[in-house]
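>>> take a look and give me a structure for this.
(one chain, ligands or ions: 1)
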Amino acid sequence: MTEEVGKYFMQQYNKAKFRVVPGHWPDFESKEEVDAWIEAIGSITLVLADNSTTRKYCPRCKNEEIRLTDNYCKICGLKLED
Ligand SMILES: [Zn+2]
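Below you'll find the model as predicted:
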């Protein structure tokens, strides 16, 4: 990877919401490759984050302050299923 692409990668990586083990990224040849990689890893990370979420939201009032252990919505009283 050229110095220019390396700098671009670090800029994009620092803006990204995920971290990988340092050095565990491809040897990018272009800024387009950097963008594609950042986007791919970012979307994978998003999916993993969704699966590990400990909260759900109320389908009626969209209250998001519901924990998985709650069996009804504290705002609108809707009974929630597991
Ligand atoms: Zn509700």
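>>> which residue packs closest to Val5, ignoring adjacent ones?
In space, and not counting its chain neighbours, Val5 is closest to Phe28: 5.2 Å by CB to CB, 6 or more residues apart in numbering. (C-beta placed from N, C-alpha, C; glycine too.)
>>> list phi and psi for that neighbour.
The phi and psi torsions at Phe28 (degrees, to the nearest 10) take the values phi -70, psi 140.
>>> and the one 5 residues further on, by the same measure?
Comment: the main-chain dihedrals of Glu33 come out as phi -70, psi -40, following degrees, to the nearest 10.
>>> can you pull the contacts of it?
Applying CB atoms under 8 Å, 6 or more residues apart in numbering to Glu33 gives the contacts Val5, Pro26.
>>> next one: it relative to Lys79, how far apart?
Using CB to CB, to the nearest Å, Glu33 is found at 50 Å from Lys79.
>>> and the pLDDT at Asp82?
pLDDT, Asp82: 62.
>>> ignore what I typed, I meant Met10.
pLDDT, Met10: 96.
>>> neighbours around it, how many?
Other residues within reach of Met10, judged by other CB atoms under 10 Å, total 11.
>>> circling back to that earlier point, is it true that the residue nearest to Val5 touches Glu4?
No. Taking contacts as CB atoms under 8 Å, Phe28 lies outside contact range of Glu4: 10.5 Å.
>>> just the buried positions in stretch 4-22, please.
Of all the residues in stretch 4-22, those buried under the rule 16 or more other CB atoms under 10 Å are Val5, Tyr8, Phe9, Gln12, Tyr13.
>>> now the host helix or strand of Phe9: how far from the chain's centre is it?
According to DSSP states H and E, Phe9 maps onto helix 3-15. Distance of helix 3-15 from the chain centroid (CA atoms, centre = their mean, to the nearest Å) equals 20 Å.
>>> who's in contact with Phe28?
Phe28 neighbours (CB under 8 Å, 6+ apart): Met1, Val5, Gly6, Phe9, Val34, Trp37.
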